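K.L.:
My questions concern the predicted model and sequence given below.
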Amino acid sequence: MTSKPLLQLVQTQALHPHTKMPLHRPVDLSLDSGEIGILFGENGAGKSSLLDRIVFGQRPYNGQIHVHRQKVAYLPQMTVAEFQIPLRIDELSLWNGIVPATPSARLWSSASGGEKQMALLEMVLAHHSGDGILILDEPTNHLAPAAKVDLEARVLTWLRETAGRAVLIVSHDPDLFLKQRTSSIEVLRA
């Protein structure tokens, strides 16, 4: 007896919200427990729009998407838009149940983009402790090479902590999870 994939895309295309025209060519992808899939492609090809459809189900699309949305953990792409949290980075980690290896006196508002990205990743992982799929949109933006290694290690640890987990990532980084990924799909403009 075979189990259903955690995520399956069959000839899936995100559509422009107004014109309903496909943003990219059809994508076929299936992720089972323990697998990592990477979507890559040029800017504006529709990768983030496809993720929005998978995560929130709000964008129009063609094809088929099979995912249990209540079991999706999502880390959106960092943008220049800021929000204020009156906490230090290590306080945010403690709030998430993680004891930081190195305490930080840096306030969220003065932290680097990489520090914020890693803190948000920890928050997403801490609040998604069951099975399901982790979706990351450009997670290595703002990260130094050493932090990228930390991100990969942390995601791999999360993936292996509980059965029934998979990871889908949009990235411009061709080397991200190079040895661990099971699928690599180029999203091409329509």
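P.N.:
Yes, it's here.
K.L.:
show me the contacts for Ser171.
P.N.:
Counting by Cβ atoms under 8 Å, 6 or more residues apart in numbering, Ser171 touches 38-40, 136, 138-140. To be clear about C-beta, it is placed using only N, CA and C from the backbone, and glycine gets the same treatment.
K.L.:
Quick one: neighbours of Glu42, just the number.
P.N.:
12 (other Cβ atoms under 10 Å).
K.L.:
show me what contacts it?
P.N.:
Glu42 neighbours (Cβ under 8 Å, 6+ apart): Arg189.
K.L.:
again, 10 Å this time
P.N.:
When contacts are counted by Cβ atoms under 10 Å, 6 or more residues apart in numbering, Glu42 touches 172, 186-189.
K.L.:
Just the buried ones from those residues, in ChimeraX syntax?
P.N.:
Selecting only the buried entries of the contacts of Glu42 in ChimeraX, with 16 or more other Cβ atoms under 10 Å as the criterion:
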select :187
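K.L.:
Out of the contacts of Glu42, the closest to Leu121 would be?
P.N.:
His172 (17.4 Å; Cβ to Cβ).
K.L.:
any idea where the helices of this structure begin and end?
P.N.:
Using DSSP state H, the helices of the chain run over 47-56, 89-95, 113-126, 145-161.
K.L.:
Lowest average pLDDT across those helices?
P.N.:
Across the helices of the chain, helix 89-95 has the smallest mean pLDDT, namely a mean of 63.
K.L.:
Quick one: residues contacting Phe177.
P.N.:
Residues in contact with Phe177 (Cβ under 10 Å, 6+ apart) are 36-38, 151-152, 155-156, 159, 167, 169, 171, 184.
K.L.:
Pick the most buried one from the helices of the chain.
P.N.:
helix 47-56 (a mean of 21; mean count of other Cβ atoms under 10 Å).
K.L.:
other SSEs contacting that one?
P.N.:
Under the contact criterion of 3 or more Cβ pairs under 10 Å, 6 or more residues apart in numbering; DSSP states H and E, helix 47-56 touches strand 7-14, strand 27-31, strand 36-40, strand 61-67, strand 72-75, strand 132-137, strand 165-170.
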